[in-house]
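Any chance you could fold what I've pasted below:
(one chain, ligands or ions: 1)
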Amino acid sequence: MKKEDILNFLDKKLDGDYAYDMGYILGSMCTEPLDFGKEVYTKYLHKNLGDPGLFKATADLENELIADIGELLNGKNIIGTFTTGGSEANIVAMRLARKSRPEIKDPEIVVPASAHMSFEKGADLMGVKVRKANLKEDFELNLEHFESLINKNTCGIVGIAGTTSLGLVDPIVKMAKIIDDKDIFFHVDAAFGGFVLPFLEKLGHEILPWDFRVKQVCSITSDPHKMGLGIIPSGGFFVRDASILEHAGFEIPYLAGGGFKHLHIVGTRPGGTVIAFWAIMNFLGIEGYKKIVKQCMDNTYYLAKRISEIKGVKLAADPVMNVLGITTESGRSVCEMDNEFRKKHWMLGKFMDLNLIRVVIMPHVTREHLSDFCVDLENIVKNLKLT
Ligand code: 0PR
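Below you'll find the model as predicted:
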């Protein structure tokens, strides 16, 4: 085929996808990467960090960027690596937890019931048991139940800073106290919150410590491809100190650039996304991210207010970050509501276990999109007789 025909074919074929700027994507934690980042990415997309000896300068840049983001997470000399996303970062963390206690025959990790599916995936891969702590009525973690699940087989615990369903932050300091005198690996999943919470704090929001300020926290997931506006796929895994990684790497001796220890699940791994994220972070700076987070929060509060004015539905919880849960006042299932929204093209997240519809107010979501959404919400509530 000719290049022109191929491009025309692809344009037509892919027109069937939803685009972030259509306004309908209200349930995604990804967004349009920053244009400047795309430009940088296309220039460097051949770099392979799976063989870092060939791309030493890219590997250096990765380490510098990790340390910079580590500072944003209130750590010093933080090390780590970029991954394909939060799932890979969480699975790597689980592996480190498991490795940290080789004497445990039947290892377990304790997670809040709100933990992301990636922990189940990791557990399935590694033969680790996941014990899930209940949430309270208000969707916060039931700390007593959490504590009761910790036993001699517990090799790791997980706290979440920005839950997938509601963007809530677990009581990380209290969780840390529970394991203070125990040899248990503490991982914080801030895949979504990692590029929201630091800027919310700088905007004056009161957030309890959740990051490397809490000395028991060993590692953190924080993803560029969510609120960092990075290229898809790019996740981030941050570790407090090098000793944690000592026994965790897989030596690959035959690499063209020289032997290297792999920590990842993948081998070949993009350098372009990392370079692009270095560019994005340096271009936006703290002020740029603060502006983006503020705009997302202003839109979140706008939607929260509009929902509170509609009889029949209510917020599942007060928003901490730019994630909102909508539920019915009567307790009726949100499934029909979700179906009606889908008929009108609104792409939301449906959480059956919590009976809520999730809206993620990403940078691509505008006030106009939300206003249109509320008109449909009002009609759907009326038609379904939810009032
Ligand atoms: N940890 C948390 C707290 C998450 O919310 C997610 C994903 C992950 C880890 C895993 O991250 P990766 O998907 O990068 O591996 N949260 C979103 C979710 O499952 C992912 C997502 C993104 C879903 C875009 C839909 C979508 O359109 O809801």
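
so how far is the ligand from the nearest residue to Asn63 once chain neighbours are set aside?
Excluding the flanking residues, the one nearest Asn63 by C-beta to C-beta, 6 or more residues apart in numbering is Ile79, at 7.2 Å. Bear in mind the C-beta positions are built from the backbone N, C-alpha and C, glycine included. According to C-beta to the nearest ligand atom, to the nearest Å, Ile79 and the ligand sit 20 Å apart.

can you give me the helices for the stretch 51-200 of the chain?
56-72, 86-100, 118-126, 143-148, 172-178, 197-202 (DSSP state H, counting those that start in this stretch).

could you say what helices and strands the helix-or-strand element of the chain with minimal mean pLDDT packs with?
Ranked by mean pLDDT, DSSP states H and E, the weakest helix or strand in the chain is strand 260-262, scoring a mean of 91. In this structure, strand 260-262 packs against strand 250-252, with contacts taken as 3 or more C-beta pairs under 8 Å, 6 or more residues apart in numbering; DSSP states H and E.

strands paired with the strand it packs on, and their directions?
Partners of strand 250-252 in the sheet, by DSSP bridges, are strand 260-262 (antiparallel).

The following helix or strand past the partner strand vs helix 56-72, what angle?
Proceeding N to C from strand 260-262, the next assigned helix or strand is helix 272-308, under DSSP states H and E. Angle of helix 272-308 versus helix 56-72, following axes from the mean of the first three to the mean of the last three C-alpha atoms, to 10 degrees, is 30 degrees.

mind listing what's buried in whichever helix or strand comes after helix 272-308?
Remark: after helix 272-308, the chain's next helix or strand is strand 313-315, criterion DSSP H and E. The neighbour-count check on strand 313-315 (16 or more other C-beta atoms under 10 Å) flags Val313, Leu315 as buried.

try stretch 112-126
Pro112, Ala113, Ser114, Ala115, His116, Ser118, Phe119, Gly122, Ala123, Met126.

about what we covered before: buried deepest among the helices of the stretch 51-200 of the chain, which one?
Here the criterion is mean neighbour count by mean count of other C-beta atoms under 10 Å, and of these the winner is helix 86-100, at a mean of 24.

Can you give the contact residues for that one?
Contact with helix 86-100 is made by 83, 107, 109, 116-119, 121-123, 125-126, 128, 155-156, 158, 183-185, 187, 189, 191-192, 218-219, 221, 223, 226, 235-237, 239, 244-245, 247-248, 263-266, as judged by C-beta atoms under 8 Å, 6 or more residues apart in numbering.

Any quick PyMOL command for the buried ones out of those?
Buried members of these, defined by 16+ other C-beta under 10 Å, are picked up in PyMOL with:
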select buried, resi 83+107+109+116+118+119+122+123+126+128+155+156+158+184+185+187+189+191+192+218+219+221+223+226+235+236+237+239+244+245+248+263+264+265
